Every structure is written in structure tokens, then in C-alpha cells.
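Chemist: got a structure for you, letters missing:
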């Protein structure tokens with residue numbers, strides 16, 4: 001599976017090679033937890049692309065579980081802490097403003 005993802009990444013990179021003004025960025029985010037006391041915790045594993053970028057793909061964890069797309073610039077692996085859903089990996093593609 002890793003070979004397939006790497007092959008797709010190379011294919012996407014090659015298809016954008018002629019466009020110097022287009023940028024591609026990989027984001028990796030790990031789940032963070034905040035303790036509010038009294039057994040209340042909030043966890044978050046999300047990414048946000050920049051204003052001039054669009055989220056192309058995202059997955060959660062080493063097994064590449066599907067991420068939840070929160071719009072054209074954001075994705076999340078959910079609010080429930082899970083070792084199998086971290087890290088969140090996303091690819092953002094953008095152009096100059």
C-alpha cells in the first residue's frame with residue numbers, strides 16, 4: 001500500500017511539474033488532548049490548508065483510515081482519541097494569490 005501511495009504522489013508531482021506557480025504541501029498532525037478537569041477531555045486531530053490552498057487528500061494513521069473532510073480546506077480524524085487514527089496526513093495544493 002505504501003508503494004501505491006508513493007507512486008500516486010510521484011504521479012501528482014509530475015503532472016504539476018510544468019506549473020511553477022503551483023505549490024504542493026504535505027501536513028502531518030498528531031492528536032492532541034486538553035484536560036478540562038472533572039474527567040472532561042477534548043481531543044483534536046485536524047489540519048487546515050492555507051487560504052490559497054485546496055485540500056487534495058487526507059488519511060488517518062498508518063492503516064490510512066479515511067479522514068473526515070470538513071470543507072475544501074480542512075480535514076479531521078475525529079474527536080475520540082485513537083492511536084490507530086494518528087497521525088493525520090494531508091496534501092494541500094495552492095497557487096499564488
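Modeler: Looks like it arrived, so ask away. All values reported here derive from a predicted model rather than from experimental measurement. Residues are numbered from 1 along each chain as shown.
Chemist: can we go C-alpha only for contacts and neighbour counts from here?
Modeler: Noted.
Chemist: all the strands of this protein, residue numbers only.
Modeler: Per DSSP state E, the chain carries strands over the ranges 23-29, 32-35, 41-44, 46-48, 53-60, 65-66, 68-69, 74-76, 88-94.
Chemist: what residues of the fifth one count as buried?
Modeler: Counting neighbours by 16 or more other CA atoms under 10 Å, one finds that the buried residues in strand 53-60 are 53, 54, 55, 58, 59, 60.
Chemist: do you know how far the last one is from residue 21?
Modeler: The span separating residue 60 from residue 21 equals 29 Å under the rule CA to CA, to the nearest Å.
Chemist: how about the second one?
Modeler: Summarising the geometry, the distance separating residue 54 from residue 21, computed by CA to CA, is 14 Å.
Chemist: ok, the fifth one next?
Modeler: Noted for residue 59: a distance of 26 Å to residue 21, by CA to CA.
Chemist: quick check, residue 26 in contact with residue 94.
Modeler: No: if you go by CA atoms under 8 Å, residue 26 and residue 94 don't touch, sitting 11.6 Å apart.
Chemist: okay, these two: which has more neighbours?
Modeler: Shown here are residue 26 and residue 94; by other CA atoms under 10 Å, residue 94 has more neighbours (18 against 13).
Chemist: rewinding a little: can you put the strands of the chain in JSON lines and add mean pLDDT?
Modeler: Converted to JSON lines, those look like this (pLDDT from 0 to 100):
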{"stretch": "strand 23-29", "mean pLDDT": "82"}
{"stretch": "strand 32-35", "mean pLDDT": "56"}
{"stretch": "strand 41-44", "mean pLDDT": "57"}
{"stretch": "strand 46-48", "mean pLDDT": "89"}
{"stretch": "strand 53-60", "mean pLDDT": "93"}
{"stretch": "strand 65-66", "mean pLDDT": "92"}
{"stretch": "strand 68-69", "mean pLDDT": "93"}
{"stretch": "strand 74-76", "mean pLDDT": "93"}
{"stretch": "strand 88-94", "mean pLDDT": "92"}
